[in-house]
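**Q** Sequence and predicted structure, then a few things I'm wondering about:
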Amino acid sequence: MKKAWTVVVIIAMSFIHQNSLVAQSASLVKANKLFALLAYSEAIPLYEKVLKHDTLNVEALVNLGECYRMTNNVPGQLTVYGKIVASGIGKPIHSFYYAQALMQCGNYAKATFYLAHYNADERGETFLKAINNLNKYFRDSACYSVKRMPFNSGQNDFSPVIWQGNKVVYTSSRIRNGAVNFTYPWTEQSFFHVYITSKKENGSYSRPHRFAPDLETRFNDGPVCFTHDEKRLYVTRNAVINNKALRADDGQVKLRLYRAAINGKGSGYSAMGEFEYNGAQFNVAHPAISADGKKLYFSSDMPGGFGGMDLYVCSAEGELWGNPKNLGERVNSKGNELFPTINGNECLYFSSNGREGIGGLDIFEIKVDTFGMPSGSAFNVGVPLNSSGDDFGLTFDSDNKSGYFTSNRFNPDGNDDIYAFTQLKTVKRTITIKGFAIDSLSRMVLPGATISIIMNAKDTLSSVITDEQGRFSFEAEYEKEYAILAEKDKYIGGSMVVSTSNTDAAEINTEVLLLAEPLITLTLLIVDAATQAPLSDVSLTIMDKSNGVVEHVNTSADGTFRRLLWDKKVGDSISLALSFSKDGYINRGSTFHYRIPRPGNIKTTELLNKFELGLDLAKVIQLNPIYFDLGKSNIRPDASLELDKVVQIMKENPTIVIELGSHTDCRGTAAANMSLSDKRAKASVAYIVSKGIEQTRISGKGYGESKPVNKCECEGGRIVPCTEQEHQRNRRTEFLIVKY
């Protein structure tokens, strides 16, 4: 009986387990459908249900982590991504997401480990550098006071802008009493709408109410921005026509920009018109207008960006906007750049989770030029405007010393709140670097020296000229490294590197040393033989025959190599063996002999020929005529010297194949000349082969008098008399390239 009961229990448990598997499968299918529709909040409990019974279901874990990430649930990300990386089932990006979540909760020590092992792109190195230099983000922490605003709700409140002096217009998912609140399946909160509150004289704020409800849709509206004259507004909203959402090919309802004219003092608004660069398959969001109304900034993931959402700028062209320009790598990263604000016309603020920061979205500042493009580099504004959480949506009051921003700091639910800030004292954004240009031997100051300031080893920021006391000065950014280059006539350029990291000083003092040139210099210029264009990156080997010293160098961008002859004086001789090589050109060598008559720069030019079929090597290496005894074909000693030059250039260029052609003048019979030239050609080939050149690389042929280079004729019905010099031109040996 007992055994029978055990069997019944096993069968029942098996039935329950099978039902459980079926339920899990159904939950996973439904969760995946919601996930595909971006209904992340609705998918979360279903994935959690699957994982309750199957803790290492890879699909459920990965998708649940993404749901937590997209709904900004940091504790959820820590749990799920922690499990993914610990079990080894994830991809490198999951380690990066885990590190980001660790940074957002302030666990920088643990985040360091995962960032150090993430090398799929530069973000691992970027944030590792940030953690190693956390102190710099606290440099200006005493410069601001920050206060959470009383008009925040229990939901998301973000992206405030100041309007009409005392009003704050912002975006919120707050629940409206007595109204139908459609929920956003992404977050399971109400859709975003635009609200307004007014600051009273006593410092309190009025009860928030909807801003321009006639312009709302049933989906997401906001953030909003106003032109400086407050005659027009721009707003981000979902792609909607006739209150129906338009889905892109990936199933998402993309964000678009819309604009409307403001009638009177905000009493009415024109119908919404679309921004001309919205797209059906990408997002366009977060508008910001410069004070002069000539520049519109926005965030978009349109094709051609750096990754995620990038920042773009358009210039006004009448009533329309010109083509968007990506702000480039000085602003954009592999992450997301969002929520731009332009303070006046010269300073752009934005938030990024792809640039070096404290955690989450950090606020950055960068100068822009008259074209609206960034100049210099982006500066993290640091604590207290930034935190380990998300910080964004900065806006300034008219005094440029106070304003509002958004942060989800201190909020375990991840919801955003609006904060006010006040600048208490001047914030140091730059440090002055001062210095002198100095003669390294005499220690005299050098007026009139050109000082170039280079950042990141490639960006020349500016050039200045030292004054009468040899002084220079420029404004630099903190936490950067600058190369300072000094140049002056009759001096060898000097350079040094200055770092502005790990200092609170207001200025750095330095000096750049320049060395006076020697009295004698040698400049070698290498050019294309056909075009005379200077050739850069020619590999040059120089052997000084006086001491056997060999050096290997490359020509500079202007095709030159310059040598300082410290050990030479007037009356001395220079004797150099040179060899040249460059892809696409015939390698060759030469010698340079020179007796120095006076101080100064000695200049010489060398020609390089491109590989070309039919090119005569005799012209490349400037062969002297190859002479044979009258009526003979044996190689004379003087001819062997010239043929040795051919042997050498064939060894220097092992891929070329040569046809050696021997020619005579027209005197004598044509048959005799043909026979004689053929014997001379074959004798010359035999000599070259005897010196180590493969037989397959050279052939010989006699042409007799059949190919004159001038009009000399000695036979037949037409005789053209010629001088001995003209006959000599026809008596020649050619070394034509027939293959390479």
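**A** Here it is on my side, so go on.

**Q** pLDDT below threshold where in this structure?
**A** Low-confidence segments of the chain (pLDDT under 70): 1-24, 37, 176-190, 264-268, 456-461, 504, 630, 716-717.

**Q** What sits closest to the residue nearest to the spatial centre of it if chain neighbours are left out?
**A** Nearest to the geometric centre of the chain sits residue 329, at 5.6 Å (CA atoms, centre = their mean). Once flanking residues are discounted, residue 329 sits nearest to residue 306: 6.5 Å by CB to CB, 6 or more residues apart in numbering. C-betas here are computed from N, CA, C, even on glycine.

**Q** For that neighbour, give me its contacts.
**A** Residue 306 is in contact with 326, 329, 332, 333, 334, counting by CB atoms under 8 Å, 6 or more residues apart in numbering.

**Q** Verify the contact between the first one and residue 332 for me.
**A** Yes: contact status for residue 326 versus residue 332: in contact at 6.7 Å, counting by CB atoms under 8 Å.

**Q** and for those two, which residues touch both?
**A** By CB under 8 Å, 6+ apart, the residues touching both residue 326 and residue 332 are 305, 306, 310, 311.

**Q** rewinding a little: may I see the ChimeraX selection of the buried members of the contacts of residue 306?
**A** Only the buried entries of those go into this ChimeraX selection, using 16 or more other CB atoms under 10 Å:
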select :326,332,333,334
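
**Q** what about the helices in the stretch 451-600 of the chain?
**A** With helices called from DSSP state H, counting those that start in this stretch, the stretch 451-600 of the chain shows none.

**Q** One more: the chain?
**A** 2-36, 40-53, 58-70, 74-87, 92-104, 108-116, 123-132, 617-620, 637-652, 670-690, 724-730 (DSSP state H).

**Q** any chance of those helices in a markdown table, with distance to residue 270 too?
**A** Converted to a markdown table, those look like this (distance: least, CB to CB, whole Å):
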| stretch | distance to residue 270 |
| --- | --- |
| helix 2-36 | 38 |
| helix 40-53 | 35 |
| helix 58-70 | 35 |
| helix 74-87 | 42 |
| helix 92-104 | 42 |
| helix 108-116 | 49 |
| helix 123-132 | 43 |
| helix 617-620 | 76 |
| helix 637-652 | 77 |
| helix 670-690 | 88 |
| helix 724-730 | 87 |
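
**Q** what number of residues lie near residue 308?
**A** By other CB atoms under 10 Å, 17 other residues sit near residue 308.

**Q** residues contacting it?
**A** 301, 333, 334, 335, 336, 337, 354.

**Q** between those, which is nearest residue 157?
**A** Closest approach to residue 157 among the contacts of residue 308 (CB to CB): residue 336, at 20.4 Å.

**Q** ok, that closest one touching residue 352?
**A** Yes: assessed by CB under 8 Å, residue 336 is found in contact with residue 352 at 6.8 Å.

**Q** Now do the shared contacts for the two.
**A** residue 361.

**Q** do you know how far the residue nearest to residue 329 is from residue 130?
**A** 19 Å (CB to CB, to the nearest Å).

**Q** Over to residue 611?
**A** For residue 611, the distance to residue 130 - CB to CB - is 52 Å.

**Q** Tell me which of these two has more neighbours.
**A** residue 130 (22 against 14).

**Q** give the contact list for the more buried one.
**A** Contact analysis of residue 130 by CB under 8 Å, 6+ apart lists 137, 356, 357, 358.

**Q** same thing with residue 273?
**A** 258, 259, 260.

**Q** Closest to residue 484 out of the contacts of residue 130?
**A** Nearest to residue 484 among these, with distances taken as CB to CB, is residue 356, at 23.8 Å.

**Q** Skipping adjacent residues, who's closest to the closest one in space?
**A** Per CB to CB, 6+ apart, closest to residue 356 is residue 130, 4.3 Å.

**Q** And residue 631, by the same measure?
**A** That would be residue 676: by CB to CB, 6+ apart, it lies 6.9 Å from residue 631.
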